[in-house]
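# the following comprises the amino acid sequence and a computationally predicted model.
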Amino acid sequence: KAGVTQTPRYLIKTRGQQVTLSCSPISGHRSVSWYQQTPGQGLQFLFEYFSETQRNKGNFPGRFSGRQFSNSRSEMNVSTLELGDSALYLCASSGGLAPGELFFGEGSRLTVL
Amino acid sequence: AQSVTQLDSQVPVFEEAPVELRCNYSSSVSVYLFWYVQYPNQGLQLLLKYLSGSTLVKGINGFEAEFNKSQTSFHLRKPSVHISDTAEYFCAVSLIGTGGFKTIFGAGTRLFVKA
């Protein structure tokens, strides 16, 4: 089985721009979660989608949004980028036999200049 | 509210020495417990998990962890570490909520194995 695939792996943007990150979950997994990882804040939960519906949401401003498609692929978007948005964005899918177990992609590293 | 505390932010240890990475959690409901490892520039991968049953669980790469319900702890151990174990380790709890599972991560412990 292919793992979780995130694209792009690296990207550089400037302040004020927007960015879209993509995540393809493991085949058959219907839940996709997104996390922001920074050295200072650790792993912070952004949101979770299940069957195209946002099921949980973390404490991030409205500039952070996401969606999930019928094939379970998910995208997250960050608008009006700020320097503080520089981070590793991790996507995780779940739906295996173990409840709560997450399968992570390698992440998209965003640098905002 | 649920929380996960990893008591050590960094743990330096010599190769072939034993190591313990500590994790405590607080929750008013039953949880599932996990340890994940993150190597540089990679995502997280599962080391081991406790769902139910035996409180001593074994994972990959020789790691094991013990669930202690009375102390709400889930410490990770390895009897003899290798240089390749240098990585960041995250303790996590998952609990069932009205909107499916919610996973909370600790702040991470950076294990540095010295030759």
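Received the coordinates, thanks. Residues are numbered from 1 along each chain as shown, chains lettered A, B, ... in the order given.

# only C-alpha atoms from now on, for both contacts and neighbour counts.
Will do.

# how about the closest residue to B:A17 other than its chain neighbours, what does it touch?
Leaving out its chain neighbours, the residue that sits closest to B:A17 by CA to CA, 6 or more residues apart in numbering or on different chains is B:S80, at 4.9 Å. Shown in contact with B:S80 (CA atoms under 8 Å, 6 or more residues apart in numbering or on different chains): B:15-19.

# and B:S80, how close does it get to B:V19?
Applying CA to CA, to the nearest Å, the value for B:S80 to B:V19 is 7 Å.

# likewise for A:Q54?
Separation of A:Q54 from B:V19 (CA to CA) stands at 40 Å.

# look up how far B:G108 lies from B:T98.
Counting by CA to CA, the gap from B:T98 to B:G108 is 27 Å.

# who has more neighbours, these two?
B:G108 (27 against 8; other CA atoms under 10 Å in any protein chain shown).

# now the residue nearest to B:S27 when sequence neighbours are not counted: how far from B:L48?
Spatial nearest neighbour of B:S27, chain neighbours left out: B:Q2 (4.7 Å); criterion: CA to CA, 6+ apart. Noted for B:Q2: a distance of 21 Å to B:L48, by CA to CA.

# neighbour count: these two, which is higher?
Using other CA under 10 Å as the criterion, B:Q2 and B:L48 rank with B:L48 on top: 21 against 14.

# can you say which helix or strand has the more buried one in it?
strand B:44-50 (DSSP states H and E).

# note down every partner strand of that strand and its orientation.
Paired strands of strand B:44-50, with direction, are strand B:32-38 (antiparallel) (DSSP bridges).
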